[in-house]
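Visitor: Kindly generate the corresponding structure for this input.
(chains A and B)
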2 protein chains.
Amino acid sequence: MKVEEICQKAKVASHNLAACSTADKNAILEKIAAFLSSNRDKIKEQNAIDIEAAKLDNDLVLIDRLTLTDSRIDAMIEGVKQVIALPDPVGEVVESWTNSIGLNFTKVRAPLGVIGIIYEARPNVTVDAAALCLKSGNSIVLRGSKGAINSNRALYEIMRDAISAAGFDSNAVGFIDDTSRESSKELLQQDKYIDVCIPRGGEGLKHFVLENATMPVIASAGGNCHVYVEKTADLNKALDIVFNAKTQRPSVCNAAEHLICDKAIADKFLPACFKKLSEKDVEIIGDKEAKKILPQIKLMSDEDYATEFLSYKMSFAVVNDVKEAVDMINKYSTKHSEAIVSEDKFSQEYFKKNVDAACVYVNASTRFTDGFEFGLGAEMGISTQKLHARGPIALKELTSVKYTIEGNGQIRK
Amino acid sequence: MKVEEICQKAKVASHNLAACSTADKNAILEKIAAFLSSNRDKIKEQNAIDIEAAKLDNDLVLIDRLTLTDSRIDAMIEGVKQVIALPDPVGEVVESWTNSIGLNFTKVRAPLGVIGIIYEARPNVTVDAAALCLKSGNSIVLRGSKGAINSNRALYEIMRDAISAAGFDSNAVGFIDDTSRESSKELLQQDKYIDVCIPRGGEGLKHFVLENATMPVIASAGGNCHVYVEKTADLNKALDIVFNAKTQRPSVCNAAEHLICDKAIADKFLPACFKKLSEKDVEIIGDKEAKKILPQIKLMSDEDYATEFLSYKMSFAVVNDVKEAVDMINKYSTKHSEAIVSEDKFSQEYFKKNVDAACVYVNASTRFTDGFEFGLGAEMGISTQKLHARGPIALKELTSVKYTIEGNGQIRK
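Guide: Have a look, this model is predicted:
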């Protein structure tokens, strides 16, 4: 099938899906979970072809991300079951009121329509993304990467067959079986059929999608995250939070990259923090004030302030007060997750109100920015844009709204 | 000032504005209302220059839209006062919850930042748009049309002086004093400083903005709106609703263009409707079935189904049931405002659930799609897109959200 035809059929299917009950949608997902379980051999067989190809490049990281073991297939199935357990966002009444002439206004959640996903490597995204879109009443068109094409195709075929077996239009999940750059570009021009496009992958993919998409895009971005330790902070909490935010999983977007410390406590806190972080061999760099206290560290460059290290590396900067800290954050952050450690109400409030970010933490680690940790369930990423979705892109963020207005013959005077 | 400098200064001002209390923002708006009132002569003097220029082209519609009389200036001031009276959306708690490890999550409304407005003709937009943006804690950068440049500049200068007089950073309102196409394009590339762009004008402007903007856009679209009269309809209500939706103000986006009627009642309803609409000399065209009943009407073309007449012209189409009506609407509408007239619960529910539009009416005129009629106050237009804002773009739609997460030292395991 051609890209346009896949999208057009997904659009038709989306109209049926929008009218589905929660029970209908859960029945589709139950069937998908069951079919994934009974087709393990097919999945592993096709996955083996992708792994063989990856071995030729000897890319160990890629091989690990690609590999679908029985336990990873179980995790995928468990993911679908978790989506079944989540409340259906469609039909939720967001607001309702009656006006003076008796018109009843109801603002209800409605599906977006068709969501296009362009994603890299990990084949589990094929299933995760489809489950979230179907539960929120949307069709999905999948465009995965070359390295995972056989695994992705197998997972798609299993889902397609499951949707049919459940008695619904299997075009609700579309699959672009062509990993050329042209097929991506073509998909990004189907604004007639695709309502929103979501890139899932690195910065390169994100920019490619933003540049080429003719439909709206919900994009996640990297996280250049800070922990600010204010002078009234409980330094034990601060030490734990900085250590956790930096080292618990340094390769992810909600890990902290920069420590900002009030001058009044820098003499005491920075050496303690340096010592704690050395347990994990974290490389520390710092500004002039930090280097005065810790002469052994390298001076940070202007560029370092804006860098998401994504590794065991952290910068230390010293400021006079919360205002300076907030200004630094608003200048350099990617508006993802920002934390203050402080026992002072005024500083906490100032930080919460003035830091421009999706998630602002008070006395907690930035590592909690995640759909599951928020209690929202599986998500499609963390949005750092301000329009439509900010923070975890969970089920609600995959919906739009619709006003229904009920009267008994009202006309406008 | 250069476009980039104006936007950059608006961004700086937006950080202060985000930290303003409701009282602060209302004080700014009070000062603007007062300054508009005390500078009437300046407004009318500058407006007269624009009108003189428009007279050279002898464009009576343009002259009418441009002209600022005392009563129109009063209406503008009244508009600002209405915005003062509206609740402040910033800081509103959308949702809040505590998780099992004691983290308190709060989703609060926060300003978008800087909103760019590109608009045509009517100078009152200069003030309306600024008032809405300031109340929602956003800076605004205004780029009006050539025909209203002197009026717009006068209004801008008055607002700028009012903001300064209130003791705030007047860069919160920026004004591009250059009506060349290049200045628009330059504005549309300031994604570093402008968070959202909103075009206000015709389809040409909308497409220009969508094509050139590097930041997200909230766009209104025209309304190709339908009234569907189902076979159980109270035909007196139906007649009033069709007449009102078509003729009360045919030039606006929420006016109805097409009547769809069930076959079972077409013999009776179409002639009655034809007669009623002839009171206002409405030109009727129709499909084959309608023409069988009303041989005097012209047969409609495929193109007519997709046409927003915006005049005293309406099409009549005949269908077998609600499903056919909904399919026709979903095929041809611009997803703005759609109405069913019916006394049957099933048909009403089917219509509400399956029509894909911003506003779906049951037994009421489509003409109610308007911020004031909804009770939301002044608006920046009606969004027909599905992302972020759908329906009236009022104060809430000019905000984003932010999560604040408060703990007492929690770290991720």
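
Visitor: Return the list of helices and strands in contact with the longest strand seen in chain A.
Guide: Determined from DSSP state E, the single longest strand within chain A is strand A:399-410. The contact analysis (3 or more Cβ pairs under 8 Å, 6 or more residues apart in numbering or on different chains; DSSP states H and E) places strand A:399-410 against strand A:104-111, helix B:235-247, strand B:359-364. From N, CA and C alone the C-beta is placed, and that goes for glycine too.

Visitor: and with 6 Å instead?
Guide: strand A:104-111, strand B:359-364 (3 or more Cβ pairs under 6 Å, 6 or more residues apart in numbering or on different chains; DSSP states H and E).

Visitor: Format those as JSON lines; extra columns: mean pLDDT, distance to A:Gln248 and mean neighbour count.
Guide: Listed next are the helices and strands packed on strand A:399-410 as JSON lines, based on pLDDT from 0 to 100; distance: least, Cβ to Cβ, whole Å; neighbours: other Cβ atoms under 10 Å in any protein chain shown:
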{"stretch": "strand A:104-111", "mean pLDDT": "96", "distance to A:Gln248": "34", "mean neighbour count": "20"}
{"stretch": "strand B:359-364", "mean pLDDT": "98", "distance to A:Gln248": "47", "mean neighbour count": "26"}
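
Visitor: how about those in CSV, adding distance to A:Leu60?
Guide: Converted to CSV, the helices and strands packed on strand A:399-410 look like this (distance: least, Cβ to Cβ, whole Å):
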stretch, distance to A:Leu60
strand A:104-111, 40
strand B:359-364, 54
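
Visitor: Of all these, which one comes closest to B:Leu29?
Guide: strand A:104-111 (26.5 Å; Cβ to Cβ).

Visitor: coming back round to it: just want the angle from the longest strand of chain A to helix B:235-247.
Guide: Interaxial angle of strand A:399-410 relative to helix B:235-247 (axes from the mean of the first three to the mean of the last three Cα atoms, to 10 degrees): 120 degrees.

Visitor: Go ahead and produce CSV holding the CA coordinates of strand A:399-410.
Guide: As requested, the backbone C-alpha atoms of strand A:399-410 are provided in CSV (Å, rounded to 0.1, in the frame of the first residue of the first chain):
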residue,chain,number,x,y,z
THR,A,399,-7.1,13.7,22.9
SER,A,400,-8.8,16.9,21.8
VAL,A,401,-12.0,18.4,23.1
LYS,A,402,-15.4,19.1,21.6
TYR,A,403,-18.2,21.4,22.7
THR,A,404,-21.7,20.1,22.6
ILE,A,405,-24.4,22.6,23.1
GLU,A,406,-28.0,21.4,23.7
GLY,A,407,-31.1,23.6,23.5
ASN,A,408,-34.7,23.5,22.8
GLY,A,409,-34.9,25.8,19.8
GLN,A,410,-32.8,28.7,20.9
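
Visitor: and that strand, what's its mean pLDDT?
Guide: The pLDDT scores in strand A:399-410 average 97.

Visitor: who's in contact with that strand?
Guide: With contacts defined as Cβ atoms under 6 Å, 6 or more residues apart in numbering or on different chains, strand A:399-410 is touched by A:89, A:94, A:101, A:103-110, A:112, A:136, B:237, B:352, B:359-364, B:386, B:390-391.

Visitor: Could you spell out the sheet neighbours of it, each with its direction?
Guide: As defined by DSSP bridges, the strand partners of strand A:399-410 come to strand A:104-111 (antiparallel), strand B:359-364 (parallel).
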